[in-house]
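**Student:** Structure here, sequence nowhere to be found:
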């Protein structure tokens, strides 16, 4: 490279798309030049030019060398060149075998799969597998508020960057690992979903068009549950009113104000569900209602039931979503499951409505609440599981489904791996905050269930030891009938990679012997991947599920595009004024303007 190609700051010209200095690049090489292995999985950190890549670890070198040895042996036997072999299912089998040898036997793979595509297919995810993904996400087309760059207004961007790895545009480092701590593969920023590598990180990735493709065309999801998030804070551009001296960002006063800050409203969730089911002629998508609790929000619960017909409920203890009084100016706050004055009036209403609706909505009594994924000390308001036993006991007709299985660390499981290695035990198993405690607390209550969205995605590739302990503990303590699969997609792309990983995954025999974990059998996987949720939502797994047609985008009516706020179909100015007026909770003033006669 000639000197003329470097700028005054010692960085390569923009056409090479790198921010590395010349002294840094002198220590690097092009990935395609340095890595001649052509492995189907990455075996070293690959930088997109925005940061200095870490050196290849000893374990990564061992995996790479073993893949090369296996591929050379198998390709000669098959009479093909090594590069072609590595692009086949045999190459992927070789990668699984190499990882098992280096990291431990976490993936179910047999050497014959390197030679027989039929054997690889037979050991892979069955094509007739019933999959119920009980945590799916999308966003509305026009996210309200926010004055920063698009990725700061898009809640999916940093989560997609996690799964995409170092090629995520707009990020120089792992957004959820600021300390640069290593995972089990030695990476500070490993790749969860290889299918995302090199793709742009755009808002459209999380909107309805791409959502339908990722979930129903590119994965084996049979039935999905579209989730949503209760708005916690609103900013100046979203709030209907702001009192003197009030901060620019604060919790909402009512659900109408909160709706302006929601990633996906209850009405949009229901509209997406209805469209998917209508065009497929099957029950392929269910919809969450937004669980705003407290006596001041009871009218909203009734309104959602009447207008949106939710299939179950989704809430957040850590969200400012509880209206505890009838004061129109008071702000909503965080809440607990066992708060008799705040949560119980809402549970009572849902319980009474369930008695009337359960034949049409068998899952209406499912109370799904985000817990965990909250760094910091155990705080009962921020997702710690201590509030669940009393609520589960007091409301036996309701099912309490804890999303993320209450894992405490946020997205990067280094702390959980450290806890596993520390030797500290709870009930004879490694004490993983807060999942182990959660499982032991709720085990006696059959109406409690652990959902593994994000917890599974964030551990199975980068922290397989943690994934094995979590699955082992949940099955041992709660039972295989009370663990539910969720992918938290489409934050992490199509959910297929998580489905495939679960079907191949196994708990090492030595770990099972030491801690009494059950074997992760095919029957257990079928229950967790779909049958358990099907039971909770009254879905007959043997019924015919028609496919979502490939021309679904052309079938979208204009009204749906308006509801979902797709580009070019947003509300006009008058509609926005009316929304703001409604958010104020205003009533007609009956004020007359002009003159009237008062004297003769």
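**Tutor:** All right, it came through fine. Predicted, not measured: the structure shown is a model, and the values here were computed from it.
**Student:** Name the spans of the stretch 1-150 of the chain whose pLDDT lies under the cut-off.
**Tutor:** Within the stretch 1-150 of the chain, the stretches with pLDDT under 70 are 1-21, 31-37, 41-42, 45-54, 143-150.
**Student:** how about the strands of it, start to end?
**Tutor:** In the stretch 1-150 of the chain, strands defined by DSSP state E, counting those that start in this stretch lie at 132-136, listed in chain order.
**Student:** Please apply the same query to the chain.
**Tutor:** Assignment of strands within the chain using DSSP state E yields the ranges 132-136, 223-226, 285-290, 312-316, 366-370, 399-403, 425-426, 429-430, 448-451, 483-484.
**Student:** Which of those sits closest to residue 497?
**Tutor:** Nearest of the strands of the chain to residue 497, taken as CB to CB: strand 132-136 at 12.6 Å. C-beta: built from backbone N, CA, C; applies to glycine.
**Student:** neighbours around residue 173, how many?
**Tutor:** The tally of other residues near residue 173 (other CB atoms under 10 Å) stands at 15.
**Student:** Test my guess that it contacts residue 187.
**Tutor:** No: contact between residue 173 and residue 187 fails when scored by CB atoms under 8 Å: they sit 11.8 Å apart.
**Student:** Same list (the strands of the chain) but as CSV, adding mean neighbour count and distance to residue 508.
**Tutor:** Shown next, in CSV, are the strands of the chain (neighbours: other CB atoms under 10 Å; distance: least, CB to CB, whole Å):
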stretch, mean neighbour count, distance to residue 508
strand 132-136, 27, 27
strand 223-226, 25, 31
strand 285-290, 27, 35
strand 312-316, 24, 35
strand 366-370, 26, 30
strand 399-403, 24, 26
strand 425-426, 13, 18
strand 429-430, 22, 14
strand 448-451, 26, 21
strand 483-484, 26, 19
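**Student:** Kindly reformat the ones you listed as TSV containing distance to residue 95.
**Tutor:** Shown next, in TSV, are the strands of the chain (distance: least, CB to CB, whole Å):
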stretch	distance to residue 95
strand 132-136	26
strand 223-226	29
strand 285-290	34
strand 312-316	37
strand 366-370	34
strand 399-403	31
strand 425-426	34
strand 429-430	28
strand 448-451	30
strand 483-484	28
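**Student:** For residue 413, find the nearest of the ones you listed.
**Tutor:** strand 429-430 (12.6 Å).
**Student:** so what secondary structure elements neighbour the closest one?
**Tutor:** helix 414-422, helix 464-477 (3 or more CB pairs under 8 Å, 6 or more residues apart in numbering; DSSP states H and E).
**Student:** Endpoints of stretch 251-262, how far apart?
**Tutor:** Its first and final residues considered, stretch 251-262 spans 12 Å by CA to CA, to the nearest Å.
**Student:** ok, now how distant is the closest residue to residue 532 other than its chain neighbours from residue 568?
**Tutor:** Nearest in space to residue 532, with sequence neighbours left out and distances taken as CB to CB, 6 or more residues apart in numbering, is residue 484 at 5.4 Å. Per CB to CB, to the nearest Å, residue 484 is found 38 Å from residue 568.
**Student:** For the residue nearest to residue 532, which residues are in contact?
**Tutor:** Applying CB atoms under 8 Å, 6 or more residues apart in numbering, we find residue 484 in contact with 132, 134, 401, 449, 450, 451, 452, 528, 532, 533, 536.
**Student:** Distance check, the residue lying closest to residue 223 once chain neighbours are set aside against residue 207.
**Tutor:** Spatial nearest neighbour of residue 223, excluding adjacent residues (CB to CB, 6+ apart): residue 132 at 4.9 Å. Per CB to CB, residue 132 is found 23 Å from residue 207.
**Student:** Report the residue spans of the stretch 201-350 of the chain with pLDDT below the cut-off.
**Tutor:** Ranges of the stretch 201-350 of the chain meeting pLDDT under 70: 236-247.
**Student:** Could you name the helices and strands sitting against the longest helix seen in the chain?
**Tutor:** In the chain, with assignment by DSSP state H, the single longest helix is helix 58-78. When contacts are defined as 3+ CB pairs under 8 Å, 6+ apart, helix 58-78 sits against helix 82-86, helix 89-103.
**Student:** now those as a markdown table including mean neighbour count and distance to residue 28?
**Tutor:** A markdown table is the format used below for the helices and strands packed on helix 58-78 (neighbours: other CB under 10 Å; distance: least, CB to CB, whole Å):
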| stretch | mean neighbour count | distance to residue 28 |
| --- | --- | --- |
| helix 82-86 | 18 | 23 |
| helix 89-103 | 22 | 24 |
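**Student:** Could you export these to CSV, including columns for distance to residue 225?
**Tutor:** CSV is the format used below for the helices and strands packed on helix 58-78 (distance: least, CB to CB, whole Å):
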stretch, distance to residue 225
helix 82-86, 37
helix 89-103, 30
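**Student:** can you tell me how far the spatially closest residue to residue 480 that is not a sequence neighbour sits from residue 223?
**Tutor:** Using CB to CB, 6+ apart and skipping residues adjacent in sequence, the residue nearest residue 480 is residue 524, 4.5 Å away. Separation of residue 524 from residue 223 (CB to CB) stands at 19 Å.
**Student:** Please name the residues that touch the residue nearest to residue 223.
**Tutor:** Residues near residue 132 by CB under 8 Å, 6+ apart: 221-225, 484-485, 529-534, 537, 539.
**Student:** Could you list which of those belong to helices?
**Tutor:** 532, 533, 534.
**Student:** Considering those, which possesses the most neighbours?
**Tutor:** Neighbour count (other CB under 10 Å) singles out residue 533 as the most crowded of the ones in helices among the contacts of residue 132, with 30 neighbours.
**Student:** Distance check, the residue found closest to that residue once you drop the neighbours it is linked to in the chain against residue 481.
**Tutor:** Closest residue in space to residue 533, ignoring its immediate chain neighbours: residue 132 at 3.9 Å, by CB to CB, 6+ apart. Residue 132 sits 14 Å away from residue 481, going by CB to CB.
**Student:** okay, and the common contacts of the two?
**Tutor:** residue 532.
**Student:** which stretches of the stretch 501-600 of the chain have low pLDDT?
**Tutor:** Applying pLDDT under 70 to the stretch 501-600 of the chain flags residues 570-600.
**Student:** What are the boundaries of the helices in the stretch 201-350 of the chain?
**Tutor:** Assigned by DSSP state H, counting those that start in this stretch, the stretch 201-350 of the chain shows helices spanning 208-212, 255-259, 266-280, 298-308, 343-357.
**Student:** Model confidence for the residue nearest in space to the middle of the chain, exactly?
**Tutor:** When CA atoms, centre = their mean is applied to the chain, the residue found nearest the centroid is residue 488 (2.1 Å). Looking at residue 488, its pLDDT is 95.
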